[in-house]
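Participant: how would this look folded up:
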Amino acid sequence: MTGARFQRLGEKRSSRFLGFWLAFPAILCMAVVIAYPVIKGVAMSFTNMNLLRGGDGSFCGLANYRAMFKDPYFLLACRNTAIWTIANVAIQMALGIIAAVSLNGNAKGQGVYRTLIMIPWIVPSVVSALTWRWMFDWSNGIVNAALLKLGLIAAPVAWLGNTKTAMPAVVLASVWKGLPFVTMMLLAALQPIPKELYEAASIDGAGFWQTLTRITIPVIKRTIAVATVLTTIFTVNNFNAIWLMTQGGPLYRTEILFTYAYKIAFQKFNFGLAASISTVLFLLLSVFGVVYLYLMDKEEA
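Facilitator: Here you go, the predicted structure:
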């Protein structure tokens, strides 16, 4: 009996080692492609690596972090990042819930609508950003042409060059691109809900809002939480939309942490300071990553 038990233990240990060795190439690739650059970037944030000022990459402690938090443009980028993220997530989640509820049924043409709504997600982010930049163009953009035709504006508007309209314009482009992901994720969560629940609610006289708040949202609230975390991560990482449409302008009104770090690194060549900004951003996103893993583990449990 004891010998059989030891044999089973040995087989379990062998299977664990086998799984490890099978996964080892992927682990090694992840370590080289992801872990090493992250560690290198964090280490660089504690150096004076500045090519324009003769920084030799020697250790400088927390000097970059002190300079970063004293920089008014960094604080402005933090504010813009918060506005950019909150606006994107709030609009995408609200419209995503409405779109998912609308597509959750067996009405005629639902398959076509579900296919069409995925088009923005399929379009490459670079193509999407450049297309929206052309649409918002002051002289040749279709947005101004349509609004002038409808009589809603008296003269062309420089949507991406105006400090009041630049952020809403890039948020609109980002929402258009990210909405299909949220919609499909929530739609998948709505599919298992029994139709009898909605029929019973309809018989009891519940309207759309009551059905939404008392049946739909409570049932898929965990999926909504996961979608919110993922959308937050995607939005903070959405460098292409802002860089290709406004490059952080006008007057830093659309400057987010990613674009600011990019400018510090590749326009001012202060890699130490840029690395410190990237490290702060990495730590911030890691918090959302931990929340996502927690929600996924809870979902599986």
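
Participant: list the contacts of Tyr252.
Facilitator: Residues near Tyr252 by Cβ atoms under 8 Å, 6 or more residues apart in numbering: 73, 76-77, 80. Where you see a C-beta, it was placed from the backbone N, CA and C, and this is true even at glycine.

Participant: now it: how far from Ser174?
Facilitator: Relative to Ser174, Tyr252 is positioned 18 Å away (Cβ to Cβ, to the nearest Å).

Participant: check Tyr292 too.
Facilitator: Between Tyr292 and Ser174 the computed distance is 20 Å (Cβ to Cβ).

Participant: so these two - more neighbours on which side?
Facilitator: Shown here are Tyr292 and Ser174; by other Cβ atoms under 10 Å, Ser174 has more neighbours (27 against 17).

Participant: thought the more buried one was touching Asn240?
Facilitator: No. Ser174 is beyond contact range of Asn240, at 9.6 Å (criterion: Cβ atoms under 8 Å).

Participant: once you drop chain neighbours, what's closest to Phe258?
Facilitator: Spatial nearest neighbour of Phe258, chain neighbours left out: Phe239 (4.6 Å); criterion: Cβ to Cβ, 6 or more residues apart in numbering.

Participant: so what's the residue count around the one you found?
Facilitator: The burial count for Phe239: 16, using other Cβ under 10 Å.

Participant: can you give me the neighbour number for Asn88?
Facilitator: The local packing of Asn88 (other Cβ under 10 Å) involves 25 other residues.

Participant: Asn270 now?
Facilitator: 23.

Participant: what's the spacing between the residue nearest to it when sequence neighbours are not counted and Leu281?
Facilitator: Distance criterion Cβ to Cβ, 6+ apart; nearest residue to Asn270, sequence neighbours excluded, is Asn50 at 4.6 Å. Using Cβ to Cβ, Asn50 is found at 20 Å from Leu281.

Participant: what's the answer for Gln210, then?
Facilitator: Note on Gln210: its distance to Leu281, by Cβ to Cβ, is 41 Å.

Participant: okay, those two: which has more neighbours?
Facilitator: Leu281 (20 against 12).

Participant: is that one within a helix or a strand, and which one?
Facilitator: For Leu281, the host element (DSSP states H and E) is helix 271-300.

Participant: buried sites along that helix?
Facilitator: Buried residues in helix 271-300, defined by neighbour count with 16 or more other Cβ atoms under 10 Å: 271-281, 284, 288, 291-292, 295.

Participant: my read: Phe59 touches Met44, true?
Facilitator: No. If you go by Cβ under 8 Å, Phe59 and Met44 don't touch, sitting 10.6 Å apart.

Participant: which one's more surrounded, those two?
Facilitator: The residue with more neighbours, out of Phe59 and Met44, is Met44; 20 against 9, by other Cβ under 10 Å.

Participant: right, and the more buried one touches Ala275 too?
Facilitator: Yes. At 4.0 Å, Met44 counts as touching Ala275 under the criterion of Cβ under 8 Å.

Participant: CA atoms of stretch 156-168 as CSV?
Facilitator: Extracted in CSV, the C-alpha atoms of stretch 156-168 (Å, rounded to 0.1, in the frame of the first residue of the first chain):
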residue,chain,number,x,y,z
PRO,A,156,-15.9,75.0,-40.1
VAL,A,157,-14.6,74.0,-36.7
ALA,A,158,-11.0,73.0,-36.0
TRP,A,159,-12.1,70.0,-33.9
LEU,A,160,-8.5,68.8,-33.2
GLY,A,161,-7.0,72.2,-33.0
ASN,A,162,-9.4,73.7,-30.5
THR,A,163,-8.6,73.3,-26.8
LYS,A,164,-12.3,72.8,-26.0
THR,A,165,-13.1,70.2,-28.6
ALA,A,166,-9.9,68.2,-29.0
MET,A,167,-10.4,65.9,-26.0
PRO,A,168,-14.1,65.1,-26.9
